[in-house]
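> pasting the sequence and the predicted model now:
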Amino acid sequence: MGFKVILDKDTCIGCGVCASIAPEIFEIKNMKSNLVGMEPVTSGKQERALKDDEVEKAKEASNSCPTKSISVVEV
Ligand code: SF4
C-alpha cells in the first residue's frame, strides 16, 4: 500500500506554493505546477506514485494549495 499524488492542471493558478513546500515533487512550468520530471501538460491531470518519504510533504502541499488542485490518495 502506498500513496499517489494527483495534480489538476485545469484549476492550478501557478502560485508556486506547492513548489516552495515540496520542490522535489512540484515545479512551475508554463505558469502551472508540474510534477518534477514529467512532460509538462497545460490541461488535465498528472499523477505519479509517491515514495514513502515524499508523502508528508505532498500532503502539506495539498493542504496549502489555494485552489485544492493537489490530491494525495492511497493506492
Ligand atoms: S499550490 Fe496549487 S495553485 Fe499553487 S501552483 Fe501549486 S497546484 Fe497550482
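Structure's in. What do you need?
> okay, now the closest residue to R48 other than its chain neighbours: neighbour count?
Spatial nearest neighbour of R48, excluding adjacent residues (CB to CB, 6 or more residues apart in numbering): L35 at 5.6 Å. C-beta coordinates here come from the backbone N, C-alpha and C atoms, glycine included. The local packing of L35 (other CB atoms under 10 Å) involves 20 other residues.
> residues of this protein that sit close to the ligand?
12-18, 26, 33, 65-67, 69-70 (CB under 6 Å from any ligand atom).
> got TSV for these, with secondary structure and distance to V41 too?
Shown next, in TSV, are those (DSSP: H, G, I helix; E, B strand; the rest coil; distance: CB to CB, whole Å):
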residue	secondary structure	distance to V41
C12	coil	11
I13	coil	16
G14	coil	14
C15	coil	18
G16	coil	18
V17	helix	20
C18	helix	16
F26	strand	14
S33	strand	11
C65	coil	18
P66	coil	21
T67	coil	17
S69	coil	13
I70	strand	15
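> strands of the chain, start to end?
3-8, 26-29, 32-35, 45-50, 70-74 (DSSP state E).
> hey, what's V72 bridged with?
V5 (DSSP bridges).
> roughly how far does it sit from the ligand?
Distance, V72 to the ligand, by CB to the nearest ligand atom, to the nearest Å: 12 Å.
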